[in-house]
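K.L.:
Test case, fold it:
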Amino acid sequence: MKKWGKRIGYGIGDLGCNLVFSTMASYLMVFYTDVFGITAAAAGTLMLVTKFIDAVTDTGMGLLVDRTHTRWGQGRPYFLVGALPFAVFTFLTFYIPDLSSSGKLVWAYVTYCLLCTAYTVVNIPLNTIVPRLTSDIHERDILVSTRMVCAMIGTAIVMSITAPLVKVFGNGSEAQGYLVTMTLYGIAAMCIFCITFASTKEVVPPAVDHKHTSLKEDFQGLTGQAWILFFLNLFYFSLYVVRSTTVIYYFKYNLGRTQWLSLVGILGILSGLPMLLLLPALEKKFSKRNLMFFSIALYLAGDLLIFFGKGSAVCLLGGLVITGLGIYGIFGLTFAMQPDVIDYSEYKKNASVAGLIAAFQGFFVKGGMGLTSFIIGAFLKNGGYVANGVQTEKALSYIEICFIWIPIVLCVLIGVLTYFYKLDSLRGKMTEELGRRRNKMTENTGELKRA
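P.N.:
Residues are numbered from 1 along each chain as shown. Take a look at the predicted model:
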């Protein structure tokens, strides 16, 4: 029971993150264009430009975590530090000030950057902490799987109740509805991060000495496998954002099924639950590499079923279920690879760079989100999209390209990267060697104390 307390306590940290993260991915573009009052191109550009700032904040946060050594651990203290700012900046991002168009755009840039920074403060430690919670390979898989299930629950909450809450709290005003809804999400996330802090404990130290390293040495600690992980995150979250954002446009304008949006959100997300629950057991029998190929195949099959069966409700809903299985398989496996990549840097390079790896991972995640939002904005603009209006054939075709064909390209890219992933066969060897190094460090420390 104690183990599950730690697992759930760790996992719900991503539920808290996803209450806001998934809203940004699914609703922020629509909020900016249809409620806040800026153009699709301006909103897309905003999300892309702010990623350059994220490059600095993510890297800085990762380096800070690697250099943090407290009685609470390396990453754990930041769950408390970032909780309140995360809630405050969530509120400010969805607050619409009484300003001119240019003033509103500046407000959007500033508040969105601050929210992304607050997200960085809590999310990077969430990514680094698994190797510090346990050295048991299977327990790590369970921790990651629990986190993915909780993240999915957070996304399911966003997709299923955000629109109804906006309507209820708005009472005819979408601006008020979004503000109240997001304020509640921010407060809930703040409380959850405090629970995550209280439920976890870092018990596995790095298998390298706590020594001061230069930036050059830190970057040299990144292996080729780390870069594969970074680009997997880039392409996966590009896939996630393009799907979760354009599903609203596709079902609203291309299919004329606005009343389906809540059902679409529930099916597309909860259909991935079986995959996430089964991943720890599947990883005992199959390599992450082969499971990733299988997940990609599932997504492609579901995507094509939606395209060719768009006139059939059964095909549409069936396609959403299959793509949900595929996309959450990719999701879970991408994060399950991270502890192995962190261990590989310690094993191969004798470098403790968990924070830097998480920082680059976070940057590539946000980069994927920003780049994809920019592309979506550009596509909608070039296609002649009119917010809340009747769309032209060209606009509808561009929406279809975003929802159907761009994800196919991204899946192919994910498959190419997965082909070069090689850590499955090294997991046991790495765990044994790193355990030996930790034991040796403990013995040396004991000898120094006795001396």
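K.L.:
How many neighbouring residues does residue 132 have?
P.N.:
Residues lying near residue 132 (other C-beta atoms under 10 Å) number 22. C-betas here are computed from N, CA, C, even on glycine.
K.L.:
who's in contact with it?
P.N.:
Contacts for residue 132 were tallied using C-beta atoms under 8 Å, 6 or more residues apart in numbering; they are 73-75, 202-205, 354.
K.L.:
Looking at those, which are in strands?
P.N.:
Of those, none are assigned to strands by DSSP state E.
K.L.:
among those residues, who's most crowded?
P.N.:
Greatest neighbour count in those, by other C-beta under 10 Å, goes to residue 354: 30 neighbours.
K.L.:
show me the contacts for the spatially closest residue to it that is not a sequence neighbour.
P.N.:
Nearest residue to residue 354 in three dimensions, chain neighbours excluded: residue 128, at 4.2 Å (C-beta to C-beta, 6 or more residues apart in numbering). Contacts for residue 128 were tallied using C-beta under 8 Å, 6+ apart; they are 62, 65, 74-75, 342, 354-355, 357-358.
K.L.:
same thing but at 7 Å, please
P.N.:
Taking C-beta atoms under 7 Å, 6 or more residues apart in numbering, we find residue 128 in contact with 65, 74-75, 354-355, 358.
K.L.:
still on that earlier bit, tell me the one of the contacts of residue 132 nearest residue 26?
P.N.:
Of all those, residue 26 sits closest to residue 75, with 27.6 Å by C-beta to C-beta.
K.L.:
Which strands or helices does the helix or strand where residue 356 lies pack on?
P.N.:
Per DSSP states H and E, residue 356 falls inside helix 354-382. Secondary-structure packing of helix 354-382 (3 or more C-beta pairs under 7 Å, 6 or more residues apart in numbering; DSSP states H and E): helix 40-66, helix 101-128, helix 224-249, helix 313-349, helix 393-400.
K.L.:
Next secondary structure element downstream of the third one?
P.N.:
Spelled out, it's helix 224-249. Counting by DSSP H and E, the next helix or strand C-terminal to helix 224-249 is helix 261-270.
K.L.:
cool, and the first one?
P.N.:
Taking DSSP H and E as the definition, the helix or strand that follows helix 40-66 towards the C-terminus is helix 77-93.
K.L.:
Run the chain-centre distance for that next one.
P.N.:
Relative to its chain's centre, helix 77-93 lies at 17 Å (C-alpha atoms, centre = their mean, to the nearest Å).
K.L.:
Just want the angle from it to helix 40-66.
P.N.:
Relative orientation of helix 77-93 versus helix 40-66 (axes from the mean of the first three to the mean of the last three C-alpha atoms, to 10 degrees): 160 degrees.
K.L.:
picking up where we left off before, ok, of the contacts of residue 132, which one's closest to residue 172?
P.N.:
For these, the nearest to residue 172 is residue 75 (43.9 Å; C-beta to C-beta).
K.L.:
The closest one and residue 13, how far apart?
P.N.:
10 Å (C-beta to C-beta, to the nearest Å).
K.L.:
cool, and residue 102?
P.N.:
Noted for residue 102: a distance of 38 Å to residue 13, by C-beta to C-beta.
K.L.:
shaky segments in the stretch 301-450 of the chain?
P.N.:
Filtered on pLDDT under 70, the stretch 301-450 of the chain yields the residue ranges 442-450.
K.L.:
80 instead?
P.N.:
311, 362, 366-367, 369-371, 373-374, 379, 387-389, 438-450 (pLDDT under 80).
K.L.:
sorry, back to before: and of the helices and strands packed on helix 354-382, who's closest to residue 79?
P.N.:
Counting by C-beta to C-beta, residue 79 lies closest to helix 101-128 out of the helices and strands packed on helix 354-382; the figure is 6.0 Å.
K.L.:
Just the angle for the closest one relative to helix 77-93, thanks.
P.N.:
Between helix 101-128 and helix 77-93, the angle comes out at 160 degrees (the same axes, to 10 degrees).
K.L.:
chain center to helix 101-128: distance?
P.N.:
15 Å.
K.L.:
just checking, next helix/strand downstream of it?
P.N.:
Remark: after helix 101-128, the chain's next helix or strand is helix 130-133, criterion DSSP H and E.
K.L.:
related to what we said a few turns ago, do you know which of the helices and strands packed on helix 354-382 lies nearest residue 191?
P.N.:
Nearest of these (C-beta to C-beta): helix 101-128, 12.6 Å.
K.L.:
now the angle from the closest one to helix 354-382?
P.N.:
Computed with the same axes, to 10 degrees, the direction of helix 101-128 lies at 140 degrees from that of helix 354-382.
K.L.:
mind listing what's buried in helix 101-128?
P.N.:
Buried residues in helix 101-128, counted by 16 or more other C-beta atoms under 10 Å: 104-105, 107-109, 111-128.
K.L.:
Stretch 20-37: how far from the chain's middle?
P.N.:
The answer for stretch 20-37 is 16 Å, by C-alpha atoms, centre = their mean.
K.L.:
neighbouring contacts of that stretch?
P.N.:
Residues contacting stretch 20-37 (C-beta under 7 Å, 6+ apart): 38-40, 43, 90, 94, 96, 104, 108, 119, 154-155, 158-159, 162, 174-175, 178, 182, 185-186, 189, 240-241, 244-245, 248, 369, 373, 376, 387-388.
K.L.:
Can you tell me the closest non-neighbouring residue to residue 366?
P.N.:
Going by C-beta to C-beta, 6+ apart, residue 366 has residue 54 as its nearest residue, at 4.7 Å.
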